[in-house]
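[1] following is a predicted model, sequence given first.
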Amino acid sequence: MFEPTFDYTPAATRYDSMRYNRCGTSGLKLPAISLGFWHNFGDITPYEQMKSLVFTAFDHGITHFDLANNYGPEPGAAEKSAGRLIHQYFAKHRDELIVSTKAGYEMWSGPYGFGGSRKYLISSLDQSLERLGLDYVDIFYHHCPDNDTPLEETMGALAQIVASGKALYVGLSNYDGERLAKASAILDELHVPFIINQNKYNILDRTVERNGLKDTAKKLGKGLITFCPLEQGLLTDRYLNGIPADSRVAHDPRFLHEDRVESVHAKIVALNDIAYQRGQTLAEMSLAWLLRDDTVTSVLAGASKPQQILDNIGALKNTEFSDEELAAIDRIALG
């Protein structure tokens, strides 16, 4: 299925500076910064670019690669790319990696290609494992709630997946606090190692604070890995002076629109002033703001260039905030 393997010697110092946090009360630790495969690992990204990203990440202690069945473009392409990379360069280091994938959103046509049914989740994971060329993933997530499927069925499917050896742990993504509590109770009864939630969380998007997810995860002893920590690039220096001609907004506005940039421009300028006073970039401060919180296990960040990964790791140099700084950030972001 894959091309022959090649030698890759990771940096001997890769574990020296990365921080590793425990997923809630479980025994599993994740790096404070994890690598997301949502963008930049699909059909339109050169393979050499992908190699440079994963080598840079692993050489600096990023051991967690996060995927989903529908990541691309096209859906499934990111898992194929990850499988090729793991087979060719990380076969000797598989036990040093945490590989996760998900199912929930639409993956194929018809009534069995999305949702939370036993049929879909088990079939989707089988397909994911084939694309990845792996016997198991470390974490398998239900990607999004499904109101049309009984929660007991969805959680039962996760239990069967772990019992079959196709996943070591399970997680839930995009749930709220109430649904998380109900799901956790079912999984506890089934003795399933449910250890982590994956949700959007950043300075500008506080949904997990409002819907009970963050508080419930902490109460139940579950980890929390956050995606979109930089709000699609808004919490960087990318849009401080307007919309660059080569930006994602200008060329691929599927996830970030011009009106969104304009609506928060004053906020990101003000936040950038605080970051400057801290000796950080806006991106570094935004990641550090998340990592200061002991409820957050890991921050999931994508990258298109190796330097962006190094910049993300740089946020770990200062994750301490004064009460005054936190209050100022809240006034700006929530005002």
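    Structure's in. What do you need? Residues are numbered from 1 along each chain as shown.

[2] can you give me the helices for this structure?
    Per DSSP state H, the chain carries helices over the ranges 47-59, 77-89, 118-132, 151-163, 177-189, 207-210, 213-220, 248-251, 258-278, 282-291, 306-314, 323-334.

[3] would you mind finding the most buried of the ones you listed?
    helix 282-291 (a mean of 24; mean count of other C-beta atoms under 10 Å). C-beta: built from backbone N, CA, C; applies to glycine.

[4] which other residues reach that one?
    Applying C-beta atoms under 8 Å, 6 or more residues apart in numbering, the external contacts of helix 282-291 come out as 19, 32-33, 201-203, 226, 229-231, 235-237, 240, 268, 271-272, 274-275, 278, 280, 296, 299, 301, 311-312, 314-319, 321, 329.

[5] quick revisit: mind checking which of the helices of the chain is nearest Cys23?
    With C-beta to C-beta as the measure, helix 213-220 is the member of the helices of the chain nearest Cys23 (10.3 Å).

[6] which strands and helices sit next to the closest one?
    helix 177-189, strand 194-200, helix 207-210, strand 223-227 (3 or more C-beta pairs under 8 Å, 6 or more residues apart in numbering; DSSP states H and E).

[7] just the angle between that helix and helix 177-189, please?
    30 degrees (axes from the mean of the first three to the mean of the last three C-alpha atoms, to 10 degrees).

[8] I'd assumed Gly113 was in contact with Met107.
    Yes. Met107 lies in contact with Gly113 (C-beta atoms under 8 Å); the separation is 5.1 Å.

[9] just put the helices and strands packed on helix 213-220 in JSON lines and tack on distance to Leu291 and mean pLDDT.
    Compiled in JSON lines, those are given as follows (distance: least, C-beta to C-beta, whole Å; pLDDT from 0 to 100):
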{"stretch": "helix 177-189", "distance to Leu291": "22", "mean pLDDT": "98"}
{"stretch": "strand 194-200", "distance to Leu291": "15", "mean pLDDT": "98"}
{"stretch": "helix 207-210", "distance to Leu291": "15", "mean pLDDT": "98"}
{"stretch": "strand 223-227", "distance to Leu291": "9", "mean pLDDT": "98"}
